[in-house]
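**Q** Pasting a predicted model and its sequence here:
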Amino acid sequence: MTLRDAGPVGTLRIAPSILAADFGELAQSVEAIDAQTDWLHVDVMDGHFVPNVSIGPPVVRSLRPYSTRFFDCHLMMTNPGSYLEAFKSSGADGCTVHVEVGGTASLLRDARSLGLRVGLAANPDTPFDAVAPFLGDIDLLLLMTVFPGFGGQSFMAEVMPKVKEARREVDAQHVEVDIEVDGGIDVSTVPVVVEAGANVLVAGSSIFSRPVPLDAARALREAAHLSH
Ligand code: DX5
Ligand code: ZN
């Protein structure tokens, strides 16, 4: 991968979620796992779309000098359209908006025209049919495996039929779309999501809450490769 490149579509990637890192030493935490990071997953929560607040463009900007990895920004926001430009200019490489907020076609267009890699996310209870019409307009489909808002929740295996359906459709339509899962991903759930067809694996607690985050990220990668 060249600098800040997303890499080849469909290949396995580990995307550590900084939500689980210590925000007081974010730069060092990100540097410590760099060797096992493909994408850096940045969780943005607005206290409205989800009942929690996290970080925004200033943190992306502050972190940018410390990492050459692809910054994968997950916008859990009611009004992401007003912030796409700020994320882009702060150093975001990709932005993912939730289908539940509506206005999807124009949000995806706006993200594309800013030169961002474009993602669309669906909550666990949102059916595949809600995102299916947009497969030709996106680079990334994020299928949440927990209800967004908090790290450290339990993986929802009931989302796997949707991941399988998404993988079938992406392959059948020959669209260049990565399938990402987010929530409760650890060494025990990695085989399940990889088997279902996900290729970008977001992990927060199972990396940053472990004694040696770099080793934990490596273990996730090994588990993913073994199940591929
Ligand atoms: C959940 C966030 C996730 C979260 C995952 O709202 O979108 O990215 O950080 O955390 P873990 O891996 O701890 O479930
Ligand atoms: Zn996320």
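**A** Noted; the coordinates are in hand. Because the structure is predicted, anything quoted here is derived from the model rather than measured. Ligands and ions are numbered 1, 2, ... in the order given.

**Q** ranges for the strands of the chain?
**A** 13-16, 39-45, 70-76, 94-98, 117-122, 140-144, 178-182, 200-203 (DSSP state E).

**Q** Would you convert those strands into a markdown table that also reports distance to F134 and mean neighbour count?
**A** Every residue, glycine included, has its C-beta placed from N, CA and C. Below are these laid out as a markdown table (distance: least, C-beta to C-beta, whole Å; neighbours: other C-beta atoms under 10 Å):
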| stretch | distance to F134 | mean neighbour count |
| --- | --- | --- |
| strand 13-16 | 21 | 25 |
| strand 39-45 | 20 | 25 |
| strand 70-76 | 15 | 26 |
| strand 94-98 | 10 | 27 |
| strand 117-122 | 6 | 23 |
| strand 140-144 | 8 | 27 |
| strand 178-182 | 14 | 26 |
| strand 200-203 | 17 | 26 |
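
**Q** Make JSON lines from these and add distance to A105 and mean pLDDT to it.
**A** Output for those, formatted as JSON lines (distance: least, C-beta to C-beta, whole Å; pLDDT from 0 to 100):
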{"stretch": "strand 13-16", "distance to A105": "26", "mean pLDDT": "98"}
{"stretch": "strand 39-45", "distance to A105": "21", "mean pLDDT": "98"}
{"stretch": "strand 70-76", "distance to A105": "16", "mean pLDDT": "98"}
{"stretch": "strand 94-98", "distance to A105": "11", "mean pLDDT": "99"}
{"stretch": "strand 117-122", "distance to A105": "10", "mean pLDDT": "98"}
{"stretch": "strand 140-144", "distance to A105": "15", "mean pLDDT": "99"}
{"stretch": "strand 178-182", "distance to A105": "20", "mean pLDDT": "99"}
{"stretch": "strand 200-203", "distance to A105": "23", "mean pLDDT": "98"}
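
**Q** Which of those strands sits closest to H225?
**A** strand 13-16 (10.3 Å; C-beta to C-beta).

**Q** Is the closest one positioned near ligand 1?
**A** No - if you take C-beta under 6 Å from any ligand atom as the test, strand 13-16 misses ligand 1, and the best it gets is 8.6 Å.

**Q** cool, stretch 134-150 as well?
**A** Yes - using C-beta under 6 Å from any ligand atom, stretch 134-150 reaches ligand 1 at 146, 148-150.

**Q** And the pLDDT for S227?
**A** We have a pLDDT of 87 for S227.

**Q** Name the residue of the chain that lies nearest to ligand 2.
**A** H74 (3.7 Å; C-beta to the ion).

**Q** What residues are bridge-paired with that residue?
**A** D43, T96 (DSSP bridges).

**Q** which residues touch it?
**A** Contact analysis of H74 by C-beta atoms under 8 Å, 6 or more residues apart in numbering lists 41-44, 96, 119, 121, 142, 148, 182, 202.

**Q** for the strands of the chain, which one sits closest to V193?
**A** Here strand 178-182 is closest among those (C-beta to C-beta), at 4.7 Å.

**Q** circling back to that earlier point, which among the residues of stretch 134-150 next to ligand 1 gets closest to ligand 1?
**A** P148 (3.6 Å; C-beta to the nearest ligand atom).
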